[in-house]
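> Sequence and predicted structure are below.
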Amino acid sequence: MSGIFDERMMYFLDTNNLKSLKEMIKREPSSLVRLYFLLGRGKYEAKVLEFLKMFANDSPEILLDVAKKYLKDNSPILRFGATISIEFIARQRAELVIRLKDVLLELLSDSYDEIRTSALYTLLYIATKNPEVLHADYDKFSSLLSDKEEMIRLGALRLLYLLGKHTESHLNETLQYLLRGLNDESETIRAISVEWLSELIREKIEQLEIGDKEISFLVEKLAALKGHRAKLFAILNLLAKKYDSHFVKLSNKLLGMLKEKDDELRASVAVLIGALGEKHPQEFIGAIPVLLDMIKENKPVLVAAALTGIGSLSIYSPESFLKEINLLKEFLKSDDDFIRLGALITIKNIAKKYPNAVKDTIADLIALVSDKNPEISFEALMAIKNLVSDDPSILKNRVGDLMKNFHYLDDACKAGILWILERVSQKEPEDVLPFFDTLKEYLTHPNDYLRSGAVWVIANIIERRDPLDLQLVQKMHSLIRDPDEYVRAGAILALASSLKRIESEKLIEKIVLDILNSLKDKSGMVQASALKGLTICFDKAHVVFWDKIKDIVVKLRSDNRAVKIAALQLLERIIEKDFRAVSHEIDTLVDLLMEPDDLIRDMAAKLIEKLRRKISKNPIEAN
């Protein structure tokens, strides 16, 4: 041995015989001190650190027992050796060094950067596994954010982030520290600040206090930090959903940024405007001319982003985009998913108010229903839905094309098609009839939307099915007890239409009594369907329900508008058949003259007049 250096240790390190060195230190733990001194010799520093890391995993208790005695030693090299040993232990067994927390906090003020850094990262390992241990010390780390050493600033920021996430009282302070990190001179710290900021906002957005200042700062950084624009944009896009009112105050700034020469920035702002424009169209309506210019540029990213903004604003002002309708139609054929989607959403919104302007896109829209992107398929269906709402005949001879890939679409798209078919089947039932068997398959589907959609379409066409499918009638009969109110309501109408062709009096009676019983359903929609159903099959049903007309009259007092209207329509048929059945209920009809609803008042007035005429012609029968 020579002085403070142990020749055996140096030999083991020179020959990379770490196993023998480990056995030596296990026999004589105090010899670790001599190993620490070798950290001061450049030749051995890396090997000593490698050994300490290994020994911390193999024998943490032995290493800890020696290292903790030298954390306050006067020798910087011993303090460093002890601190780095504790750090290596903390990486795997943080619980072993928790009791040294106070000493480690003191070492944050050490005059040597290496010691301060090691102490800080040891605390960081403790906070990672046991954050509650350092909650009370949160404020002690903020001053380190101004340290000259990048690694210390980085470690302090990580510590504040970990502790802040787990302590609601420090959550908003942590947000401010991360925002401050975006101004750090270090690119590494700026990058990690964006990352942690994104995580914090995603996980704690409901608890964070974010105002005009924070939003404005992030918008500025979106322009300034080009290397981190994608993540900053993701943060702003998320915030726009909750803090949209704060973004509105920056509308002029955002509109100005939309005109910058930086294409990436323009694209980001255009998508942001898309997120904000739906709720605040008037504040962003000024973006329309710029967005329209952008879609004429031969830059797919810009075009897709501009279409996102246009799609949102077209809800409020579809007429603003009529001049570029031909270009929008061309975009439906684009190879870019985002371009197709943006054009589709805009055309969908135009179709709602100006269907004639886009009705010639029907073939393209039907083709897009089979698009590999389910979002595009769905939006294509919503556009078709708007066109069909205006004119169901637009799908004349095209229902087959629409149904081509029906079984391969997701449930949302299938539900969209069923809605369209329900509307078409009201006006053009023959066009839908070929798909009767396909629709029957969905009467037992677990998805309420698909089951109810199939029921309602079948209700519109079942009368034309030849011959009448009695098994289907039985299935519909069972569906009037379905848990979904839409299914129950549709099944009642399907049964009522079927009754016109059923000859069995026993079956007719059973079905009519069950429909009548549906007047007790909690759902106003089901009650209204029951009343409509009795009107549809009146000629065969009235014999069954004639002695239960009071159950129908009482529905005139319902709080549900549709129920009242359906009851009035059924009463009209009853009066035509035999006015005496309701001649004593004229007062109930008179009460409806005070209804605020014009249609109900008019219907009641007409029935009263009809009833009075019948009574005046047959006064004796009325009594």
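Sure thing, it's come through.

> quick one: low-confidence ranges for this protein?
Within the chain, the set of residues satisfying pLDDT under 70 comprises 1-5, 619-623.

> Next, count neighbours for the residue nearest to Ser186 when sequence neighbours are not counted.
Spatially, and ignoring its direct neighbours in sequence, Ser186 is nearest to Glu150 (4.8 Å; C-beta to C-beta, 6 or more residues apart in numbering). Every C-beta, even on glycine, is put in place using the N, C-alpha and C of the backbone. Glu150: 15 surrounding residues under other C-beta atoms under 10 Å.

> you'd agree Glu150 is up against Ile189?
Yes - A contact is recorded between Glu150 and Ile189 when judged using C-beta atoms under 8 Å, the distance being 6.8 Å.

> quick one: Glu503 and Leu513, what's the gap?
Counting by C-beta to C-beta, to the nearest Å, the separation of Glu503 from Leu513 is 18 Å.

> next one: Ala46
As for Ala46, its distance to Leu513 is 91 Å (criterion: C-beta to C-beta).

> Repeat that for Asp293.
Distance check for Asp293 against Leu513: by C-beta to C-beta, it reads 67 Å.

> Can you check which helix is longest in the protein?
In the chain, taking DSSP state H as the definition, the longest helix is helix 598-617.

> Dump that one to PDB, restricted to CA.
Output for helix 598-617, consisting of C-alpha atoms alone and laid out as PDB, is shown next (Å, rounded to 0.1, in the frame of the first residue of the first chain):
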ATOM      1  CA  ASP A 598    -100.500  26.200 -32.200                       C
ATOM      2  CA  LEU A 599    -100.700  22.700 -33.800                       C
ATOM      3  CA  ILE A 600    -102.400  21.100 -30.700                       C
ATOM      4  CA  ARG A 601    -104.800  24.000 -30.400                       C
ATOM      5  CA  ASP A 602    -105.800  23.800 -34.100                       C
ATOM      6  CA  MET A 603    -106.200  20.000 -33.900                       C
ATOM      7  CA  ALA A 604    -108.300  20.300 -30.800                       C
ATOM      8  CA  ALA A 605    -110.500  23.000 -32.300                       C
ATOM      9  CA  LYS A 606    -111.100  20.900 -35.400                       C
ATOM     10  CA  LEU A 607    -112.100  17.900 -33.400                       C
ATOM     11  CA  ILE A 608    -114.400  19.900 -31.200                       C
ATOM     12  CA  GLU A 609    -116.100  21.300 -34.300                       C
ATOM     13  CA  LYS A 610    -116.400  17.900 -35.800                       C
ATOM     14  CA  LEU A 611    -117.800  16.500 -32.600                       C
ATOM     15  CA  ARG A 612    -120.300  19.300 -32.200                       C
ATOM     16  CA  ARG A 613    -121.600  18.800 -35.800                       C
ATOM     17  CA  LYS A 614    -122.000  15.100 -35.100                       C
ATOM     18  CA  ILE A 615    -123.900  15.800 -31.900                       C
ATOM     19  CA  SER A 616    -126.100  18.500 -33.400                       C
ATOM     20  CA  LYS A 617    -127.100  16.000 -36.100                       C
END
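
> Show me what that helix is packed against.
Contact here means 3 or more C-beta pairs under 8 Å, 6 or more residues apart in numbering; DSSP states H and E; on that basis helix 598-617 packs against helix 561-578, helix 586-591.

> how about these in CSV, adding distance to Leu409 and mean neighbour count?
Shown next, in CSV, are the helices and strands packed on helix 598-617 (distance: least, C-beta to C-beta, whole Å; neighbours: other C-beta atoms under 10 Å):
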stretch, distance to Leu409, mean neighbour count
helix 561-578, 31, 19
helix 586-591, 49, 14
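
> close enough to count as contact, Ala604 and Ile586?
No - with the criterion set as C-beta under 8 Å, Ala604 and Ile586 do not qualify as a contacting pair; they are 10.2 Å apart.

> what helix or strand is the closest residue to Gly453 other than its chain neighbours on?
Excluding the flanking residues, the one nearest Gly453 by C-beta to C-beta, 6+ apart is Leu418, at 2.8 Å. Using DSSP states H and E, the element containing Leu418 is helix 411-427.

> Ok, Leu495 next?
Secondary structure here is read from DSSP H and E; on that basis Leu495 sits in helix 485-499.

> got a list of contacts for whatever helix or strand comes next after that helix?
The first helix or strand that comes after helix 485-499 along the chain, using DSSP H and E, is helix 505-517. Residues outside helix 505-517 that contact it (C-beta atoms under 8 Å, 6 or more residues apart in numbering) are 477, 480, 492, 495-496, 499, 502, 530, 533-534, 537, 540-541, 544-545, 548, 551.

> Could you check the angle helix 505-517 makes with helix 485-499?
Helix 505-517 and helix 485-499 meet at an angle of 150 degrees, taking axes from the mean of the first three to the mean of the last three C-alpha atoms, to 10 degrees as the criterion.

> For whichever helix or strand comes after helix 505-517, name the packing helices and strands.
Towards the C-terminus, the helix or strand next in line after helix 505-517, according to DSSP H and E, is helix 524-536. Applying 3+ C-beta pairs under 8 Å, 6+ apart, one finds that helix 524-536 contacts helix 485-499, helix 505-517, helix 561-578.

> change it to 6 Å
With contacts taken as 3 or more C-beta pairs under 6 Å, 6 or more residues apart in numbering; DSSP states H and E, helix 524-536 sits against helix 485-499, helix 561-578.
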